[in-house]
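Visitor: Predicted model follows, preceded by the sequence.
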Amino acid sequence: MASIIVPAHNEAAVIQRCLDSLVTQAGVDTLIVACNGCTDNTFELVKAYSDVICLNIDKPSKTNALNEAEKHISSYPIFYLDADTQLQAGAIEKITQTLKQNPQLKLVAPTPKIDISKSSWLVRQYYKIWLSLPYIKSGVIATCSFIVTEQGRKRFDHFPDIINDDRFIHCQFTANEVSNIAGTEIYIQAPRSLYSLIKIKTRARLGNMQLQQLGLCPEPKQKPYAKSMKALLLSKHCVAAIVYYSIASLIRVRSWIQLKRIANYTWEKDLSSR
């Protein structure tokens, strides 16, 4: 049996779709939604689900919400899922079974299916390249979810007050302990606008920089995409590669600017896909 944690900050537009994909899953012992700092009706919508433990936390912090929710888990593995995603039917049971059969795995995720059909042309070009990069294909990255076994959860005490919780988790494990699980999918809506894309990618990059600055990523992994980018720039995908490189460069500069005033950082969220 598994436990599920869904942190939710003002997710009224998407939380029902997420929960509808979870409440019918087999193999779930406890499903916890940690509403944190909500100023909309997310809490009221979640309370309508009788089988869901709904926490109403004043502090608007994802990592604090995760820590509070973990006090209510009753079994492992723990599924940590973003509120704006939907999980494929049967995924909980299949992932749990796969972990039992492969004890070397400590951190896993379903395979991400990112819907770019409603996104602008520039956003679609960006994702065309981004999804092909080696570090994205390596597993768990960019899934808006992660699943940790009981042994894996012992790698750290609690979620620190950081921006990028999934990168923090990923840094606790070696490559042979991490994998996406074939035959299971998580559905993610890509940002529709370029500005929304830039915001969430800046947040992710800033979070990585923060982890390195705080020394919380014991095994920093260099992204080996220099060769891949060079090959793409010389291929039939050169236009998409130029778009990607231009946007990535802007994100890099924006992240450095935000790092200088990170103490006053305000969480940037994609509202275009909701």
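Guide: Received the coordinates, thanks.
Visitor: how close does S249 get to Y126?
Guide: S249 sits 12 Å away from Y126, going by C-beta to C-beta, to the nearest Å. Backbone N, C-alpha and C define where each C-beta goes, glycine included.
Visitor: of the two, who's got more company?
Guide: Neighbour tally, S249 and Y126, criterion other C-beta atoms under 10 Å: the higher count belongs to Y126, 27 against 10.
Visitor: quick one: the strands in this structure?
Guide: In the chain, the segments counted as strands under DSSP state E are 2-8, 28-36, 53-57, 78-81, 85-87, 107-115, 145-148, 178-189.
Visitor: need these in JSON lines with mean neighbour count and mean pLDDT, can you?
Guide: JSON lines is the format used below for the strands of the chain (neighbours: other C-beta atoms under 10 Å; pLDDT from 0 to 100):
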{"stretch": "strand 2-8", "mean neighbour count": "25", "mean pLDDT": "98"}
{"stretch": "strand 28-36", "mean neighbour count": "23", "mean pLDDT": "98"}
{"stretch": "strand 53-57", "mean neighbour count": "18", "mean pLDDT": "98"}
{"stretch": "strand 78-81", "mean neighbour count": "24", "mean pLDDT": "98"}
{"stretch": "strand 85-87", "mean neighbour count": "21", "mean pLDDT": "98"}
{"stretch": "strand 107-115", "mean neighbour count": "20", "mean pLDDT": "95"}
{"stretch": "strand 145-148", "mean neighbour count": "24", "mean pLDDT": "97"}
{"stretch": "strand 178-189", "mean neighbour count": "18", "mean pLDDT": "95"}
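Visitor: Please tabulate the ones you listed in a markdown table and include distance to L45 as additional columns.
Guide: Converted to a markdown table, the strands of the chain look like this (distance: least, C-beta to C-beta, whole Å):
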| stretch | distance to L45 |
| --- | --- |
| strand 2-8 | 9 |
| strand 28-36 | 9 |
| strand 53-57 | 9 |
| strand 78-81 | 16 |
| strand 85-87 | 15 |
| strand 107-115 | 22 |
| strand 145-148 | 20 |
| strand 178-189 | 18 |
